[in-house]
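Student: generate coordinates for the sequence data below:
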Amino acid sequence: MQQIADGILYVGVDDHQLDLFEGQYIVPNGMAYNSYLVDGGKIAVMDGVDGNFVDEWMGKLDAALDGRQPDYLIVQHMEPDHSGSIQAFAERYPEATIVASMGAFNMMLNYFGTKFEGRNMVVKEGSTLSLGTKELRFVAAPNVHWPEVIFTYDETDKVLFTADAFGKFGALDVEEDWDCEARRYYFGIVGKFGKNVQAVLKKVAKLDVQAICPLHGPILTENLEHYIGQYQTWSSYGVETAGVVIAYTSVYGHTKEAVELLAKALEEKGCPRVVVTDLARDDQAEAVEDAFRHGHLVLATTTYCGGVFPAMHAFIHHLVDHDFQNRTVAFVENGSWMPAAIKGMRPMMEQCKDITFAEHSVTVKGSLNDDSRAQIDALAEELAAQF
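Tutor: Numbers count the residues shown, from 1 in each chain. Below you'll find the model as predicted:
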């Protein structure tokens, strides 16, 4: 049982049964549902776990409590992977007070048919809760990434409990790079709410934070500047890595050939990094992550049914839906008799803010020829000159 600070224990669980988080994100290394026990004389449990793991969680709580009873359950976030155990907790510990925002209690009514009247405590920005030797202060974090979210700051130990913020995919019993899976998690799940993340980061900047305890992923105790800095970059839609992402679809291989020629030309002309992703075969969440990470994006696709190939259409929808912005975008299209993909892609991308469209584009009519190769070289020259 991991001790985070004096009187603060980790009591979460790992889930290796899950294949798709939120029904869409591939999690080959599972998922962690973090829960914490904070003992300052009085005892608060910080969030529950997914309902499929209630028995395991209760067993860990029993071991940590060692015969004592919890005084509070603090609910920072009502998504079912955390709130699925609230009712079981309330029944097992009938004397415990449920602590949450008003928005969370309204959601409890929807999920459980009750707001736990008579044993609830509504908190908001600046509310405090004394556990005796520990003082907790609540920080409103609406839309990071649900509207009811609160953070909790332990003023005694300088520990910040951040709900889903600073979380990542992957169970805790698996070693993997934080940046990669936290980035994929952020842009897939939190990315649309950059303005809200920026607002809460301004509040966090005023706190002396020595440890960050999210509801997914590892407890962060070292190099906090890096993690907070990544969130600053991501939530402000800044460019993290200089380079070009080429996202493509190809039916018979000719568009793929054009993409490979473009990638080679970019590298030869000094582009610092080129990432190529096949949208029909690769994980689209990884492709979205790469698009947000880099400053330049090339969309290359076959004309299909007079428009945009389905996998490309879905990818652009994800970008628009997650507030893709502040990037340079270029287009490559293919069509045997009537290339029309750019006419479909560009209006979709025009929905995004602060997009600079490359002057050059590429049209391939069936297979590559001298004209389309020259177009590829001109586009590579334009993009490479921007680094």
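
Student: I'd like to know how far the closest residue to Asp283 other than its chain neighbours sits from Glu125.
Tutor: Nearest-residue entry for Asp283: Ile26, 5.6 Å, with adjacent residues in sequence omitted and distances by Cβ to Cβ, 6 or more residues apart in numbering. C-betas here are computed from N, CA, C, even on glycine. Distance from Ile26 to Glu125, counting by Cβ to Cβ, to the nearest Å: 36 Å.

Student: quick one: the strands in the stretch 51-200 of the chain?
Tutor: In the stretch 51-200 of the chain, the strands defined using DSSP state E, counting those that start in this stretch lie at 72-74, 97-100, 120-122, 128-130, 135-140, 150-154, 159-161.

Student: ok, now the stretch 251-387 of the chain?
Tutor: With DSSP E, counting those that start in this stretch, the ranges of strands along the stretch 251-387 of the chain come out as 274-278, 294-304, 307-308, 325-334, 353-357, 362-364.

Student: and the gap between the residue nearest the centre of the chain and Leu18?
Tutor: The structure's the chain has its C-alpha centroid closest to Tyr186; by Cα atoms, centre = their mean the separation is 1.8 Å. Per Cβ to Cβ, Tyr186 is found 19 Å from Leu18.

Student: coming back round to it: how far away is the residue nearest to the centre of the chain from Asp62?
Tutor: Applying Cβ to Cβ to Tyr186 and Asp62 gives a distance of 34 Å.

Student: could you report the neighbour count for Lys230?
Tutor: No Lys there; residue 230 is Gln. Counted with other Cβ atoms under 10 Å, the neighbours of Gln230 add up to 17.

Student: and the one helix or strand it maps to, what does it pack against?
Tutor: Taking DSSP states H and E as the definition, Gln230 sits inside helix 224-235. Helix 224-235 sits against helix 178-185, helix 194-204, strand 211-213, with contacts defined as 3 or more Cβ pairs under 8 Å, 6 or more residues apart in numbering; DSSP states H and E.

Student: mind checking which of these is nearest Glu289?
Tutor: Distances from Glu289 to each of the helices and strands packed on helix 224-235 were compared using Cβ to Cβ; the minimum, 4.5 Å, belongs to helix 178-185.

Student: mind listing what's buried in that closest one?
Tutor: Residues of helix 178-185 classed as buried under the neighbour-count rule (16 or more other Cβ atoms under 10 Å) are Trp178, Glu181, Ala182, Arg183, Arg184, Tyr185.

Student: by how many degrees do it and helix 224-235 diverge?
Tutor: For helix 178-185 and helix 224-235, the angle between their directions (axes from the mean of the first three to the mean of the last three Cα atoms, to 10 degrees) works out to 30 degrees.

Student: using CSV, write down the CA coordinates of helix 178-185.
Tutor: Taking C-alpha atoms only, helix 178-185 is exported to CSV below (Å, rounded to 0.1, in the frame of the first residue of the first chain):
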residue,chain,number,x,y,z
TRP,A,178,4.1,9.4,-19.1
ASP,A,179,4.2,12.0,-21.8
CYS,A,180,2.9,9.7,-24.6
GLU,A,181,-0.1,8.2,-22.8
ALA,A,182,-0.9,11.4,-20.9
ARG,A,183,-0.8,13.3,-24.2
ARG,A,184,-3.1,10.8,-25.9
TYR,A,185,-5.4,10.9,-22.8
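
Student: so that it lines up with my notes, have the first residue be 814 from now on.
Tutor: Happy to do that; since the first residue is 814 now, the last one works out to helix 991-998.

Student: hmm, who's touching it?
Tutor: 838, 842, 979-983, 1029-1031, 1040, 1043, 1047, 1053, 1098-1099, 1101-1102, 1105-1106 (Cβ atoms under 8 Å, 6 or more residues apart in numbering).

Student: pLDDT (mean, whole number) over that helix?
Tutor: This predicted structure assigns helix 991-998 an average pLDDT of 96.

Student: now do stretch 999-1008: distance to the chain's middle.
Tutor: With Cα atoms, centre = their mean, to the nearest Å as the basis, the distance from the averaged C-alpha position of stretch 999-1008 to the chain average is 6 Å.
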